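1. coordinates only, no sequence provided:
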């Protein structure tokens, strides 16, 4: 069964902010800070992957926390990733590649650990890069007015509305707070009305997104080698590679690694590799050590206000509001549960 | 006098590639490598700024090369920057701020050098962030189909065309190979035809872009403090801050610096600062030491083919062409003159 897409148009987004009145224009963080407890969603411990690198030179711990995307998005790969983490399969491997404005890559590669792959691994296929639309797997989609078939919607846009255009899709949205995109198709509903419905939907690459490295197509990768984006969103990879989640804490431990000088940015010497101490699901860690995070629900009023303000900054630093934002400039607010 | 915008529509971009026939689909680098000498433009030595940091731990030199944007874009700031470089004013200062997925910042700040500002500095104003359109200051603009008043153009797009949409502007283009954006206004020309013409035009923030740090608006900064973007393009800063150029070589010497842990990512201790050995215009350096670079002319056939292919990868790694690209995913190819 198809579910109509709820489109948050500018008229909705432009509604007065239901936040304490102040004489100073709000900044986006004000809205995040004022969001109510029921607008935040805790990330399941089975969706949190913790990669521990050795402490830095000053002795500070280096943990990289990845939020896995919910099934059915990239479901075979996230299955394999959980299997590999439970098998402690990555322990002793390395971060072996770093390319500026592109990716940092780790896992199976130049440093092996001699372990067999766990039996519970499943086959993957390029068919899994995008899904047929189905109900209930995403938060609200926002129409992107730049792509067909949004022509009709285009006419509805107010002169002062915000633009969430996307050169890469017809609609943008979020699944458990992780960015996704969709095509839209204009259909005629039971009442003879023309409606825009999503047909295919897929996770997208933004800064911090984690994907599954692979060989040439049609190889789809198993999940043993992963990368994180450390530059401008490489959206051309969308639907060509499995996006499995996003680094929500500790990305700086990857983004500041020296860039590799070998072919494709692989480090030329073993001494340059960063060893992986361990990769664990939060749910497998001792109770007191589990990191806990929550994200601002993209279906919440606060998120809509936050996005509108991200697209229309009018605080003391800004003179000209942008009037729009791309999906990767709307990084869903995340904070520790303890905060 | 207004000049009509030359719009590179999909029909043009989709023309057969004038490159040696091959059985393998081309990758974008193939087109760059096949570009003819007359399609490359050498960057003027007065437009190249070289910031030298101390050698890294392995003793390798660390030079950051910045291409300055041509006047009249950000002209008062680039004037000041040349004055400061000629006065060797930044020597002995520091890189003092690093924020992940945001900027690295240097120059006047916590470490001063006791020198007076050069007399030749000029006043700056927020009025300079964007320009009224004038002839001859940019390469071809490409219409962005996502923004008004491109509605008419929208109808012309072929089903299989590429999309260079921009949530932040009506048209994108390049000035000396550096990215710019423009509004478009539909006007009626002398023949009664409706034509889309640019009205205002401004440089934009992409990965590697260099801008002028400042205090709250309306302060516009003088050029004494600069930053480079080390993350996803913060396009909301466009028209709110002066973009003065782009790092074309050595960005990794900035992007891999440890992130600052103080307020706003400023380093908490002097020991964390990276000293600036010198900042020089290439034109002021000894003849044999000047870095020389050239960029692929965005008005060239090879650039159009390259952009089309960037938006529609069909080589052995890709299965689904993106069908579009954003301006910051079209980083103008640059290479040393010696190559």
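-> Yep, it's here. Please read these numbers as outputs of a predicted model, since none were measured by experiment.

2. need the contact list for the closest residue to residue A:172 other than its chain neighbours.
-> Counting by Cβ to Cβ, 6 or more residues apart in numbering or on different chains, the nearest residue to residue A:172 once its immediate chain neighbours are dropped is residue A:327, at 4.1 Å. C-beta coordinates here come from the backbone N, C-alpha and C atoms, glycine included. Shown in contact with residue A:327 (Cβ atoms under 8 Å, 6 or more residues apart in numbering or on different chains): A:164, A:166, A:172, A:179, A:181, A:204, A:206.

3. helices along the stretch 1-150 of chain A, start to end?
-> With helices called from DSSP state H, counting those that start in this stretch, the stretch 1-150 of chain A shows them at A:10-13, A:28-34, A:75-86.

4. which of those sits most buried?
-> Sort the helices of the stretch 1-150 of chain A by mean neighbour count, taking mean count of other Cβ atoms under 10 Å in any protein chain shown, and helix A:75-86 sits at the top with a mean of 22.

5. that helix packs against which elements?
-> Helix A:75-86 sits against strand A:62-68, strand A:243-249, strand A:278-281, with contacts defined as 3 or more Cβ pairs under 8 Å, 6 or more residues apart in numbering or on different chains; DSSP states H and E.

6. quick one: closest of the ones you listed to chain B.
-> Nearest to chain B, of all those, is strand A:243-249, at 10.2 Å by Cβ to the nearest Cβ.

7. mind listing what's buried in the closest one?
-> Neighbour counts over strand A:243-249 (16 or more other Cβ atoms under 10 Å in any protein chain shown) mark A:243-249 as buried.

8. do stretch A:48-65 as well
-> A:48-53, A:62, A:64-65.

9. where's the residue nearest the centre of chain A relative to chain B, distance?
-> For chain A, the residue nearest the mean C-alpha position is residue A:178 (3.9 Å; Cα atoms, centre = their mean). Separation of residue A:178 from chain B (Cβ to the nearest Cβ, to the nearest Å) stands at 15 Å.

10. and if you look at residue A:49?
-> For residue A:49, the distance to chain B (Cβ to the nearest Cβ) stands at 19 Å.

11. tell me the contacts of that residue?
-> Applying Cβ under 8 Å, 6+ apart, the residues near residue A:49 are A:65-68, A:81, A:85, A:245, A:279-282.

12. using CSV, lay out the buried residues of stretch A:48-65 together with distance to residue B:105 and pLDDT.
-> Shown next, in CSV, are these (distance: Cβ to Cβ, whole Å; pLDDT from 0 to 100):
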residue, distance to residue B:105, pLDDT
A:48, 32, 98
A:49, 32, 98
A:50, 31, 98
A:51, 29, 98
A:52, 31, 98
A:53, 26, 98
A:62, 24, 98
A:64, 25, 98
A:65, 27, 98
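
13. helices of the stretch 151-300 of chain A, start to end?
-> Going by DSSP H, counting those that start in this stretch, the stretch 151-300 of chain A shows helices at A:151-156, A:252-255.

14. who does the shortest one touch, helix- and strand-wise?
-> Think helix A:252-255. strand A:62-68.

15. just checking: what are the partner strands of the strand it packs on?
-> With DSSP bridges as the test, strand A:62-68 is paired with strand A:48-53 (antiparallel), strand A:243-249 (antiparallel).

16. quick one, it and helix A:75-86 angle?
-> On the basis of axes from the mean of the first three to the mean of the last three Cα atoms, to 10 degrees, strand A:62-68 is oriented at 150 degrees to helix A:75-86.

17. starting at the chain centroid, how far to strand A:62-68?
-> Distance of strand A:62-68 from its chain centroid, counting by Cα atoms, centre = their mean, to the nearest Å, is 12 Å.

18. ok, residues contacting that strand?
-> Residues from elsewhere that reach strand A:62-68, judged by Cβ under 8 Å, 6+ apart: A:43, A:46-56, A:78, A:81-82, A:176-178, A:210, A:228, A:244-251, A:253-254, A:291, A:293, A:295, A:334.

19. which ones are touching residue A:187?
-> A:194-197.

20. of the residues you listed - the most surrounded one?
-> residue A:196 (21 neighbours; other Cβ atoms under 10 Å in any protein chain shown).

21. residue A:95 reaches residue A:279, doesn't it?
-> No - Residue A:95 is beyond contact range of residue A:279, at 11.3 Å (criterion: Cβ atoms under 8 Å).

22. so between those two, which is more surrounded?
-> With neighbours defined as other Cβ under 10 Å, residue A:95 and residue A:279 compare such that residue A:95 has more, 27 against 24.

23. what separation is there between the more buried one and residue A:103?
-> Separation of residue A:95 from residue A:103 (Cβ to Cβ, to the nearest Å): 11 Å.

24. in a markdown table, list the buried residues of strand A:243-249 along with pLDDT and distance to residue B:135.
-> Below are those laid out as a markdown table (pLDDT from 0 to 100; distance: Cβ to Cβ, whole Å):
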| residue | pLDDT | distance to residue B:135 |
| --- | --- | --- |
| A:243 | 98 | 44 |
| A:244 | 98 | 50 |
| A:245 | 98 | 49 |
| A:246 | 98 | 45 |
| A:247 | 98 | 46 |
| A:248 | 98 | 48 |
| A:249 | 98 | 50 |
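
25. list just the nearest of the residues you listed to residue B:141.
-> Set against residue B:141, the nearest of those by Cβ to Cβ is residue A:243 (32.5 Å).

26. so what's that closest one closest to, chain neighbours aside?
-> Distance criterion Cβ to Cβ, 6+ apart; nearest residue to residue A:243, sequence neighbours excluded, is residue A:203 at 3.9 Å.

27. mind listing what that neighbour touches?
-> Neighbour list for residue A:203: A:69, A:73-74, A:175, A:178-180, A:209, A:238, A:243-244 [criterion: Cβ under 8 Å, 6+ apart].

28. chain neighbours aside, what residue packs nearest to the residue nearest to the centre of chain A?
-> residue A:69 (5.1 Å).

29. could you do residue A:120 as well?
-> Using Cβ to Cβ, 6+ apart, the nearest residue to residue A:120 is residue A:83, at 4.6 Å.

30. from residue A:281, how far off is that neighbour?
-> 10 Å.

31. check residue A:233 too.
-> Computed as Cβ to Cβ, the residue A:233 to residue A:281 distance reads 27 Å.
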